[in-house]
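**Student:** fold the stuff below for me.
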Amino acid sequence: METSPNKVLTDAVLRILRPLVRLLLRNGISYGVFADLARAVFVDVADKDFRLPGRKQTVSRISVLTGLTRKEVVRLQELGSPDGVVEERRYNRAARVVAGWVRDARYAGADGQPAELPVEGEQGSFAALVRQFSGDMPPRAVLDELVRVGAVSWVAGDRVALNARAYIPQQGMDDKLHILGTDVALLIGTIDHNLQHGVTAPRFQRKVAYDNLPAEAVAQFEALSRAKAQQLIEEMDAWLAQHDRDVNPAVQGSGRKHAGLGIYYFEGDVPQEREK
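**Tutor:** Residues are numbered from 1 along each chain as shown. Sure, this is the predicted structure:
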């Protein structure tokens with residue numbers, strides 16, 4: 001007997017919600033707040049993504065799609081919702097600066113690794129790095145942000161050093177929660193695309209996992225996957241940077257697209273009922 005698509009989808013939603021609700025409760029977000037957010041997103045998505053061709057979207061149609069009353073739809077539309085554009089732009093620009101520091105030979109030492117940089121200077125400085133990879137952002141503002149999240153640190157005098165080969169905030173819960181919003185949304189977007197167009201235009205989506213590993217092997221695999229994944233990410237970053245107009249204004253072509261590759265590591269204990 002085949003399981004209905006709706007049953008499979010609701011089971012999948014429950015799996016998604018469990019870690020999300022755990023995170024929400026840990027950070028003081030109640031069910032009421034979550035429900036308000038969910039209602040607002042249902043209205044926004046129904047309005048923007050489910051319009052009939054050649055017809056204006058109506059409150060009545062949004063009400064039918066979402067199951068909310070027309071009065072509630074109007075109320076939520078009048079409230080509006082923050083879109084996180086400012087936070088996304090800040091994150092992307094900071095990430096580009098770190099990536100440029102890692103891959104561009106002009107900011108490397110004799111050993112080929114990211115060098116300590118003077119803050120000011122026309123060439124080979126942090127200010128020059130920001131001008132090249134972060135557009136019109138003030139260098140000091142970018143530096144303060146990277147220092148704040150632990151990606152960069154001050155060294156002797158007026159020089160700064162890179163602490164990691166990627167922009168991964170070690171401090172500041174806001175920055176880590178912002179990554180939750182962007183990365184999980186992108187993964188779900190890829191899965192949604194593959195559900196709709198996977199036969200004709202699939203997007204790459206793979207994972208590898210085993211469930212009877214000793215703890216020692218897991219520790220070794222974590223180190224191996226970290227090194228291999230970082231190597232691949234840096235290779236992909238270098239290729240994308242060559243084709244991005246912000247980094248390379250000479251790039252020709254039509255349209256403006258957003259594309260990238262995400263990699264994540266996971267581990268956990270196997271539930272007792274699966275050990276038998």
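**Student:** tell me how many other residues surround residue 58.
**Tutor:** Using other Cβ atoms under 10 Å, residue 58 has 14 other residues around it. Every C-beta, even on glycine, is put in place using the N, C-alpha and C of the backbone.
**Student:** for this structure, what spans make up the helices?
**Tutor:** Under the criterion DSSP state H, the chain carries helices at the ranges 5-26, 31-49, 59-66, 70-79, 85-103, 126-133, 139-148, 173-197, 215-243, 272-275.
**Student:** closest one to residue 110 among these?
**Tutor:** Taking Cβ to Cβ as the criterion, helix 85-103 is the member of the helices of the chain that comes nearest to residue 110, at 15.9 Å.
**Student:** before we move on, the earlier item: dump the helices of the chain into a markdown table; add distance to residue 256, mean pLDDT and mean neighbour count as well.
**Tutor:** Conversion of these to a markdown table gives the following (distance: least, Cβ to Cβ, whole Å; pLDDT from 0 to 100; neighbours: other Cβ atoms under 10 Å):
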| stretch | distance to residue 256 | mean pLDDT | mean neighbour count |
| --- | --- | --- | --- |
| helix 5-26 | 30 | 89 | 11 |
| helix 31-49 | 18 | 92 | 14 |
| helix 59-66 | 29 | 95 | 17 |
| helix 70-79 | 28 | 90 | 14 |
| helix 85-103 | 14 | 77 | 18 |
| helix 126-133 | 18 | 91 | 21 |
| helix 139-148 | 23 | 87 | 17 |
| helix 173-197 | 17 | 83 | 13 |
| helix 215-243 | 12 | 93 | 13 |
| helix 272-275 | 46 | 62 | 8 |
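**Student:** distance to residue 264 added to those, as a markdown table?
**Tutor:** Converted to a markdown table, the helices of the chain look like this (distance: least, Cβ to Cβ, whole Å):
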| stretch | distance to residue 264 |
| --- | --- |
| helix 5-26 | 13 |
| helix 31-49 | 23 |
| helix 59-66 | 31 |
| helix 70-79 | 32 |
| helix 85-103 | 16 |
| helix 126-133 | 25 |
| helix 139-148 | 23 |
| helix 173-197 | 8 |
| helix 215-243 | 9 |
| helix 272-275 | 22 |
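**Student:** ok, which of those comes nearest residue 208?
**Tutor:** For these, the distance to residue 208 is smallest for helix 215-243, at 9.2 Å, taking Cβ to Cβ.
**Student:** ok and that closest one relative to helix 126-133, angle-wise?
**Tutor:** For helix 215-243 against helix 126-133, the angle between stretch directions is 70 degrees (axes from the mean of the first three to the mean of the last three Cα atoms, to 10 degrees).
**Student:** per-residue pLDDT, residue 109?
**Tutor:** At residue 109, the model reports a pLDDT of 88.
**Student:** is there a neighbour count for the closest residue to it other than its chain neighbours? I'd like the number.
**Tutor:** Here the nearest residue to residue 109 in space, its sequence neighbours aside, is residue 115; by Cβ to Cβ, 6 or more residues apart in numbering that works out to 3.9 Å. For residue 115, the count of nearby residues is 17 (other Cβ under 10 Å).
**Student:** report pLDDT for residue 115.
**Tutor:** Residue 115 carries a pLDDT score of 93 in this model.
**Student:** list the residues that contact it.
**Tutor:** With contacts defined as Cβ atoms under 8 Å, 6 or more residues apart in numbering, residue 115 is in contact with 107, 108, 109.
**Student:** ok, now residue 128?
**Tutor:** 121, 122.
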